[in-house]
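*Asks:* Need a 3D model of the following:
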Amino acid sequence: MILIFSWGFNTMFRGIRTAPLPLTIAISAFFALSEVTCAHAGLTDTATTLPKISLADNNGISDDTASLFATARNLFNSKNGNADPKRGLELLEHAAELDYPPALYELAHLYETGSYVKQDNTKAASLYERAAKQGHVDSQYNLGVLSLQAFHDVEKARYWLEQAAQQQDVEAQYNLALLYDFSIDPQADSEEAAYWYTRAAQNGHSDAQFDLGVRYLQGKAQNKNLTQAAYWFRKAAQQGDPAAAFNLALMYDNGEGVGKNLPEAIRWYRQAAQQGENGAQYNLGVKYLLGESLPQDHEKGINWIRKAAEGGNPAAQYTLAYMLDQGKDLPKDDTQALYWYRQSAAQGYTNAQTGLAIMFANGQGVQADPEEAIRWFQKAADAGNAAAQFNLGTCMAHGVGTAKDLPSAAYWLSRAAAQGHEHAADNRDYVLKQLSDSEHDVLEQRLQKPAEAVSQQDKQATIQ
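*Replies:* Residues are numbered from 1 along each chain as shown. Okay, here's the model as predicted:
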């Protein structure tokens, strides 16, 4: 039985960020070189401006509401040891009774957080709304977020976020974009989402800049425009967003939306890698190994690949496993190879699943277990990995680790051959000669069904 597999690097692109808030989902997008998880910043927390206060003479309190509020604030956090939160709360409540928006806002926040008072979202929402109706932008924003998080009232959340957004509150603009982007139909509105992403991005919101770049790159929610995608990724990257720096590096690496410029790609890979972006760490490591646009340095390359692997990047985990498996650039270590193949395979990385299957098939670093090998070959084959399809078909043809099944063997070998696997066609032709006419007919019908899409990771160049 011939067992063949290769190592390479995949091309997943980090997509919209998400946090576990109502009506948000995570998405990912394909681009170039390495796979990273997606992480989308969902609706941000409500504003948290807490009172900061110095004691004033109670007898000298002015009837002016603003002065009353200022005194109340000072009583909460006096730095000279004269803080009196209890009295401060009384004065804050008094100022709120006079319908003074800043006092309503501060008191609402205390009720929302349960600071100095019993936590009460209903009371907080009521106070926020009184201030919001007077145009108090922070109250409008907090009321919008609270309406969604605590009361799951999408319409009310949308209304108040929009009121704040119209007053140029950038967080409100971004969260309004998220709300339109990820709401369940019929509340979703891609055009409105694009409008508010753009407003927030133009006002310097780095997450909005990143997400807008993703939308231009994908061309799903709005017209594809790689030049605009690169523009917004650069804006976010310049503000320190590692995912944006990584994506910009990928675009320079591939000449997508910008002129191909490997030194510039290296610069952005390095920035993202130093910020902990494991996809960038992996790609930078590969560049060092290949000596592409920088001096070849195996030690630096392996160090960056190991960092990426330890950070959970499945392509890096697979590459590290392969080097340990083959004794390529690292001393051969079957135990460590098995460990890293497992880590990557568990994330669905089909090359790693195939490598793990081969170790079980050959009893390499583990007790031989043909049935376990078949299980991993099957997973990778189902996902479209040609090497796994070849090995699965060959095992089925010989009854290794599974019952002998020539029709199924012919199917998987045909799938592998269709992807150009160099040995699959010969094995397929050998098996086909042993099938009956009726089995040939069934095979043809089975092959006419759409095959699973080939995983992007398996289309990449192999490092020799």
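
*Asks:* When you work out contacts or count neighbours from here on, use the C-alpha atoms and nothing else.
*Replies:* OK.

*Asks:* What mean pLDDT does stretch 277-287 get?
*Replies:* Average pLDDT, stretch 277-287: 97.

*Asks:* what about Ile184, how many neighbours?
*Replies:* Neighbours of Ile184 under the rule other Cα atoms under 10 Å: 12.

*Asks:* For it, give me the pLDDT.
*Replies:* 80.

*Asks:* so it is in which element?
*Replies:* Using DSSP states H and E, Ile184 is not contained in any helix or strand.

*Asks:* For Val154, see how far away it is.
*Replies:* For Ile184, the distance to Val154 equals 10 Å [Cα to Cα, to the nearest Å].

*Asks:* quick one, what contacts Ala368?
*Replies:* By Cα atoms under 8 Å, 6 or more residues apart in numbering, Ala368 lies in contact with 359-362.

*Asks:* TSV please, covering those residues and showing neighbour count.
*Replies:* As requested, the contacts of Ala368 are exported to TSV (neighbours: other Cα atoms under 10 Å):
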residue	neighbour count
Met359	24
Phe360	22
Ala361	23
Asn362	15
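
*Asks:* so what secondary structure elements neighbour whatever helix or strand Ala157 lives in?
*Replies:* Using DSSP H and E, Ala157 maps to helix 154-166. In terms of contacts (3 or more Cα pairs under 8 Å, 6 or more residues apart in numbering; DSSP states H and E), helix 154-166 is packed against helix 137-149, helix 170-182.

*Asks:* The last one to helix 137-149, inter-axis angle?
*Replies:* So that's helix 170-182. Angle, helix 170-182 to helix 137-149, by axes from the mean of the first three to the mean of the last three Cα atoms, to 10 degrees: 30 degrees.

*Asks:* Show the subsequent helix or strand relative to helix 170-182.
*Replies:* In N-to-C order, the element after helix 170-182 by DSSP H and E is helix 190-202.

*Asks:* Give me the contacts around that next one.
*Replies:* Contacts of helix 190-202 (Cα under 8 Å, 6+ apart): 170-171, 173-174, 176-181, 207-209, 211-212, 221-222, 232.

*Asks:* Export only the CA atoms of that helix, formatted as PDB.
*Replies:* Output in PDB follows, covering the C-alpha atoms of helix 190-202 (Å, rounded to 0.1, in the frame of the first residue of the first chain):
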ATOM      1  CA  SER A 190     -27.100  45.100   4.500                       C
ATOM      2  CA  GLU A 191     -27.200  48.500   3.000                       C
ATOM      3  CA  GLU A 192     -27.800  50.200   6.300                       C
ATOM      4  CA  ALA A 193     -25.000  48.100   7.800                       C
ATOM      5  CA  ALA A 194     -22.600  49.300   5.100                       C
ATOM      6  CA  TYR A 195     -23.600  52.900   5.700                       C
ATOM      7  CA  TRP A 196     -23.000  52.800   9.400                       C
ATOM      8  CA  TYR A 197     -19.800  50.700   9.100                       C
ATOM      9  CA  THR A 198     -18.500  53.400   6.700                       C
ATOM     10  CA  ARG A 199     -19.600  56.300   9.000                       C
ATOM     11  CA  ALA A 200     -17.800  54.600  12.000                       C
ATOM     12  CA  ALA A 201     -14.700  53.800   9.900                       C
ATOM     13  CA  GLN A 202     -14.500  57.300   8.600                       C
END
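
*Asks:* Next secondary structure after it?
*Replies:* Immediately after helix 190-202, counting by DSSP H and E, sits helix 206-218.

*Asks:* Next, the angle from the helix holding Ala157 to helix 190-202.
*Replies:* 40 degrees.

*Asks:* Just the element for the spatially closest residue to Gly301 that is not a sequence neighbour, please.
*Replies:* Excluding the flanking residues, the one nearest Gly301 by Cα to Cα, 6 or more residues apart in numbering is Gly285, at 3.8 Å. Using DSSP H and E, Gly285 falls within helix 278-290.
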